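[1] let's see this in three dimensions:
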Amino acid sequence: MKTDTQGNEPEITLSALSNLAFCALVALSIARQDGVAGTPLAEHLFLVRWLATAQKQKRFPKCVAIDIAHLLEQGRQKGPASKLREKLQSLWQSCTAPLTMQSDLFRLTYVTEKLREQGWKNFTMDNKSWKDERFPASCPPNGFYTEENALHAAYSDDGRLTSPLVLRIVGDVDLLLSLMEQCAISADLIERGELFHQVVLSPSPQ
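    Residues are numbered from 1 along each chain as shown. Prediction:
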């Protein structure tokens with residue numbers, strides 16, 4: 001099982017995300033001027049190296065570690081087709097847009113940060129732990145869980161929810177549902193259980 005680290009306030013996360021994108025784009029611009037990133041392939045390799053270094057040296061707050069890891073994963077798996085520069089530009093622009101205009105994944109991250117402010121924790125589980133319904137020995141009073149592979153498969157590269165995603169909730173599920181509604185996320189309670197509740201997130205109508 002993998003555990004997310006406790007994050008900061010949503011406003012701090014937005015600031016950190018915009019700073020991450022800004023620093024990466026400035027570094028790329030300087031690299032272009034120096035003749036280091038003059039072709040699409042060279043640009044891609046530069047950004048992958050830059051992100052890997054930022055991750056290794058922990059240059060940015062923990063609240064954006066998952067975003068750096070996601071960009072790195074896309075860059076390494078898809079090569080130049082991952083369009084890292086475009087993703088960073090989009091990230092920079094999105095940090096100044098209203099919440100309701102943000103991507104599905106961004107809004108879920110926002111809800112996660114809001115819950116963390118109130119003492120919640122969130123976890124990703126590997127497939128075996130998910131099937132076995134295994135929870136941490138010191139399960140928090142309030143928290144939610146996702147299956148790692150399902151989480152990655154449910155969202156497109158641009159952060160759009162493309163298939164239903166099931167969450168397992170421990171604690172105050174009504175608070176989670178209320179925050180989801182406030183952030184324009186389609187979330188329905190499908191099961192109330194003694195060990196945990198289950199909520200499904202559904203894609204927005206096109």
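[2] what lines up beside the host helix or strand of residue 199 in the sheet?
    Assigned by DSSP states H and E, residue 199 belongs to strand 197-201. Strand 197-201 pairs in its sheet with strand 165-170 (antiparallel), strand 187-191 (antiparallel), by DSSP bridges.
[3] for residue 32, find the nearest of these.
    Closest to residue 32 of the strands paired with strand 197-201, according to CB to CB: strand 165-170, at 38.3 Å. The way it works is simple: take the backbone N, C-alpha and C, and place the C-beta from them, glycine included.
[4] contacts for the closest one?
    By CB atoms under 8 Å, 6 or more residues apart in numbering, the list of residues contacting strand 165-170 from outside reads 135, 139-147, 150-151, 154, 176, 187, 190, 195-201.
[5] show the average pLDDT along it.
    The pLDDT scores in strand 165-170 average 95.
[6] I'd like the next helix or strand past it.
    Moving toward the C-terminus from strand 165-170, the next helix or strand (DSSP H and E) is helix 173-182.
[7] in CSV, list the C-alpha atoms belonging to that next one.
    Output of helix 173-182 as CSV, limited to C-alpha atoms (Å, rounded to 0.1, in the frame of the first residue of the first chain):
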residue,chain,number,x,y,z
VAL,A,173,-18.6,10.3,4.0
ASP,A,174,-21.2,13.1,4.0
LEU,A,175,-18.6,15.8,4.4
LEU,A,176,-16.7,14.3,1.4
LEU,A,177,-19.8,14.2,-0.7
SER,A,178,-20.6,17.8,0.2
LEU,A,179,-17.1,19.0,-0.9
MET,A,180,-17.4,17.0,-4.1
GLU,A,181,-20.7,18.8,-4.9
GLN,A,182,-19.2,22.2,-4.1
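[8] buried set for it?
    Neighbour-count burial for helix 173-182, counted by 16 or more other CB atoms under 10 Å, picks out 173, 176-177, 179-180.
[9] which one of those is nearest to residue 79?
    residue 180 (35.2 Å).
[10] ok, now which ones touch the closest residue in space to residue 72 that isn't next to it in sequence?
    Leaving aside its sequence neighbours, residue 72 sits nearest to residue 51 (CB to CB, 6 or more residues apart in numbering; 4.9 Å). Applying CB under 8 Å, 6+ apart, we find residue 51 in contact with 24, 68, 71-72, 75, 84.
[11] likewise for residue 37?
    Taking CB under 8 Å, 6+ apart as the definition, contacts of residue 37 comprise 28, 31, 43, 46.
[12] can you give me the neighbour number for the first one?
    By the other CB atoms under 10 Å criterion, the neighbourhood of residue 28 contains 19 residues.
[13] pLDDT score assigned to it?
    Note on residue 28: pLDDT of 91.
[14] wait, doesn't it sit right on residue 85?
    Yes - counting by CB atoms under 8 Å, residue 28 touches residue 85, with 6.5 Å between them.
[15] list the buried residues in stretch 179-192.
    Buried residues in stretch 179-192, defined by neighbour count with 16+ other CB under 10 Å: 179-180, 183, 185, 187.
[16] name the residues that touch that stretch?
    99-100, 104, 107-108, 110-111, 114-115, 166-167, 173, 176-177, 197-204.
[17] if we use 10 Å, what do you get?
    Residues outside stretch 179-192 that contact it (CB atoms under 10 Å, 6 or more residues apart in numbering) are 99-102, 104, 106-112, 114-115, 118, 120, 161, 164-169, 173-174, 176-178, 197-205.
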